[in-house]
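>>> Need the 3D shape of this:
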Amino acid sequence: MERRDYTLPHAGLNLHVTEWGPADGRPVVMLHGIRGYGETFAGVAAALQPAFRVIAFDQRGRGRSDWDPHRNYYTDTYVGDLLAVADTLDLARFDLLGHSMGGINAIVFASQYPERVGRLVIEDAGPGAFDTSPGATRIRGELVSTPAHFDSWEAAGDFMRGLRPSVTEAARQQRLASMLKPADGGGYTWRYDHAGIAATRLNPELSRLVDLRPHVAALQCDTLVLRGSRTDYLQPAMLAEMQRLNPRIADIEIAGAGHYIHDDQPEAFNRAVRAFLLPSAPAAAARIPDPDERTTRP
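Below is the predicted model of the structure:
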C-alpha cells in the first residue's frame, strides 16, 4: 500500500499528514478523537484499497503535529484546520470520517461546507455524547487521572491496558508508539499536549462549545453513524434524536464494540465503512452481529 507522510503549515503550526493509497484515488479524510492520532486509521485505510486515497492528519496538539501554545483546542479551530488541509491539497469534494471528537468536527464541517463533502461517516459521536453521557464522564476522569510521565514502557502499557481493556495488545502497542515519546531524564511522556487538551476539555470557554443539533439537522450528504453496542458514549436516545433531526442519517450498530469501534471490532468496522463509501454501496441501516452471539439472524 502506498504511503506518504508530510507536514502542512497552517496558522503558525505544522500539521502532520499521512496518506495511504493511490494519489488519484477517491479522497476520504479521517479525523481522530480527543487523544488520538492519524495513524489509528491505518487498518481501515488498508481495507479501502485500491479505490481510495485516504488522508488522515494529526489534529493540532496530537501525534506529530505542533502543540498550540494558546491551547486553542475547540471545534471551530479544528474545522478551520480541516478546511486549510482540504484547500491546500485541492480537495474540492471528498468523503469524511470522524471518530468521537473527530466526529463532532466532521459534522460541523459538513454542515458548514456541504458542497465539499460527498459522504459522511461518524464513529460513535453525536449531540449530547460529549456532554452528558457516561463516556463523557469517563473521559473527563481519565484526563484528570492520567500521569504525565512513566518510568518505563511497561508501566505505560499497564496504564493503557487499564484504560482500554477491550482492545487487542497489537492495537494497544500501536497506541503507545503513536502517543508516547522519550522524556528528558529518562522514561516516557505523552506526545500529545495532555495538559493543554485537558484544560480545554475540563474548563472550556462556554461560548465556544457547540450545540450539534442544528449542525446535524443541516447535513445535506448521506451520513452513516457507527455505534458500538457496548459504548458508554453515544447513547441510543442520542442516535434516535439524530435520525429525527435528519432522515438522511443511517446507522449500523457493531456488536462487541465500545467507543473505539475501529480498535474493538476492526473487521466489522472496515467492512461497514467500505460498503458505505463505495459508490454502489447501499446506505441502509443494519446491525453487524457479535461473533460470540449464538443467535442466528437472517
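>>> ok, which stretches of the stretch 101-250 of the chain are strands?
117-123, 149-150, 180-182, 188-190, 222-228, 249-254 (DSSP state E, counting those that start in this stretch).
>>> now these in a markdown table, with mean pLDDT?
A markdown table is the format used below for the strands of the stretch 101-250 of the chain (pLDDT from 0 to 100):
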| stretch | mean pLDDT |
| --- | --- |
| strand 117-123 | 98 |
| strand 149-150 | 96 |
| strand 180-182 | 96 |
| strand 188-190 | 97 |
| strand 222-228 | 98 |
| strand 249-254 | 98 |
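>>> so which of the ones you listed comes closest to residue 88?
Nearest to residue 88 among these is strand 117-123; the distance by C-beta to C-beta comes to 17.1 Å. Bear in mind the C-beta positions are built from the backbone N, C-alpha and C, glycine included.
>>> ok, the closest one: who's next to it in the sheet?
strand 94-99 (parallel), strand 222-228 (parallel) (DSSP bridges).
>>> what's the angle from that strand to strand 249-254?
40 degrees (axes from the mean of the first three to the mean of the last three C-alpha atoms, to 10 degrees).
>>> what's the spacing between strand 117-123 and its chain's center?
Mean C-alpha position of strand 117-123 versus that of the full chain (C-alpha atoms, centre = their mean, to the nearest Å) differs by 12 Å.
>>> buried set for it?
117, 118, 119, 120, 121, 122, 123 (16 or more other C-beta atoms under 10 Å).
>>> Kindly reformat the residues you listed as JSON lines and extend each row with distance to residue 145.
Listed next are the buried residues of strand 117-123 as JSON lines, based on distance: C-beta to C-beta, whole Å:
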{"residue": "117", "distance to residue 145": "37"}
{"residue": "118", "distance to residue 145": "40"}
{"residue": "119", "distance to residue 145": "38"}
{"residue": "120", "distance to residue 145": "33"}
{"residue": "121", "distance to residue 145": "31"}
{"residue": "122", "distance to residue 145": "28"}
{"residue": "123", "distance to residue 145": "25"}
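>>> Pick the one among the residues you listed closest to residue 260.
residue 123 (8.6 Å).
>>> How about the contacts made by that closest one?
97, 98, 99, 100, 102, 103, 226, 261, 262, 269 (C-beta atoms under 8 Å, 6 or more residues apart in numbering).
>>> Go again with 7 Å.
Contacts for residue 123 (C-beta atoms under 7 Å, 6 or more residues apart in numbering) come out as 97, 98, 99, 103, 226, 261, 262.
>>> cool, and residue 277?
Residue 277 touches 28, 95, 119, counting by C-beta under 7 Å, 6+ apart.
>>> Show the backbone phi and psi for the closest residue to the second one other than its chain neighbours.
Which is residue 95. Of all residues beyond its chain neighbours, the one nearest residue 95 is residue 28 (4.0 Å), with distances taken as C-beta to C-beta, 6 or more residues apart in numbering. Here is the backbone geometry of residue 28 (degrees, to the nearest 10): phi -140, psi 130.
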